[in-house]
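Enquirer: here is my input; please provide its structure:
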Amino acid sequence: MALHSMQRIVLARHIAGVPGPADFRLESVPIPEITEGQFLVAHSFVSADPGTRSRLSPGASYAPPLRPGESIDGFAVGRVVQSRNPAFAEGALVTVSSGGWATHSVSKGRGYVLALPDLGVPDSAWIGVLGVPGMTAWFGLKRVAELQPGARVLITSAAGPVGATAGQLARHFGATQVVGLAGSAEKRRWLLDNAGFDAALDYRADDLDDQVAAAMPEGIDILFDNVGNAMIDRLLPQMRMRGRIVVSGQVADYNTPLADVPGITRTREFIARRLRMEGMVVFDDLAGFPAAQAEVARLMREGRLASREVIRDGLEALPGLFSELFTGSDFGRRLARIG
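Expert: Numbering: from 1, shown residues only. Predicted structure coming up:
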């Protein structure tokens, strides 16, 4: 049966502060007829990603801001239902970075668009631990941090999809100690009981500095940060000589106007300890994705890598899932199940 329309969620207005459902709008639009080289994907799962927040207000980011009326970013996994591209056969399972918050998407197969092999994992994993969150953890540790066996690793926002995966991969790569920061007691228990962290500390504790020092008396070799400038600045004095700082995300700063984002003031620590800090965009590592994904899938099948998903039904669940990323309610990879 021919498909004539699809649903999508667009930006209703530029956002100031913490996003809410009223900042988004659900629309029904025609599905364009595919042309030579294109294919149509019916989405099964669509993600809500914290990094999208940086595009929902005016101002510079690593990607240009969205305008009101434009579709919201989101990774999707689904099946090809129509195709005029021989590399993407009808029925193939694919992941698309350009799908956005929508029930369907049309692609030419350019950018981060992959026909997926059968690695014995749930489809949703391809936009979770096998997708951008998992690959950010993998290449943040491997390429940016250059993790060596014996490293002592501290991960902020450790119960999030990137942080939780990074902690488990750090152990797999030979880290001798993995400590995470997380807000709720439930998150910290999960890090200890399910993800195998050595310690999980409350980032809101007044004596956090003392707790980190007690948990990591020899200091931090690798700080894998998903939070922002204030946390990096606070932890700099506990870095070990020639330590590495991975700037993976800035969830504490996304809702703050640029002029109000705290700075990093303890820069003399970079000199005294010969530190290196580097940001990352994981799409720089696309060529290495297949090998990394195969290894992560093996760890999942063997029960050696845990993940947590928050899945709700319907495209209309995405604004709420996204807004909750910034309120601390629940935790895990946030996905909408479509269809």
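Enquirer: only C-alpha atoms for contact and neighbour calcs from this point on.
Expert: Fine.
Enquirer: now stretch 125-137, how far from the centre of its chain.
Expert: Averaging C-alpha positions (CA atoms, centre = their mean, to the nearest Å) puts stretch 125-137 7 Å from its chain's average.
Enquirer: what's next to that stretch, contact-wise?
Expert: 46-47, 75-77, 95, 161-163, 165-166, 169, 248, 281-282, 289, 292-293, 296-297, 307, 333 (CA atoms under 8 Å, 6 or more residues apart in numbering).
Enquirer: quick one, which of these are buried?
Expert: Buried members of the contacts of stretch 125-137, counted by 16 or more other CA atoms under 10 Å: 46-47, 75-77, 95, 161-163, 165-166, 169, 248, 282, 289, 292-293, 296-297, 307, 333.
Enquirer: mind telling me what element Gly78 is part of?
Expert: strand 76-83 (DSSP states H and E).
Enquirer: cool, and Val179?
Expert: Assigned by DSSP H and E, Val179 belongs to strand 177-182.
Enquirer: give me the sheet partners of that strand and which way each runs.
Expert: strand 152-155 (parallel), strand 199-202 (parallel) (DSSP bridges).
Enquirer: what pLDDT, on average, does it get?
Expert: Averaging pLDDT along strand 177-182 yields 98.
Enquirer: could you give the angle of the following helix or strand past it to strand 177-182?
Expert: For strand 177-182, the following helix or strand on the C-terminal side (DSSP H and E) is helix 185-193. If you take axes from the mean of the first three to the mean of the last three CA atoms, to 10 degrees, helix 185-193 sits at 170 degrees to strand 177-182.
Enquirer: nearest to Leu236, of the strands paired with strand 177-182?
Expert: strand 152-155 (11.6 Å; CA to CA).
Enquirer: and the next helix or strand past that closest one?
Expert: Later in the chain than strand 152-155, the nearest helix or strand by DSSP H and E is helix 161-172.
Enquirer: can you map out the strands along the stretch 101-250 of the chain?
Expert: 104-107, 113-115, 152-155, 177-182, 199-202, 220-225, 239-247 (DSSP state E, counting those that start in this stretch).
Enquirer: for my notes, please list these in CSV and give mean neighbour count for each entry.
Expert: Below are those laid out as CSV (neighbours: other CA atoms under 10 Å):
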stretch, mean neighbour count
strand 104-107, 22
strand 113-115, 19
strand 152-155, 27
strand 177-182, 24
strand 199-202, 22
strand 220-225, 27
strand 239-247, 21
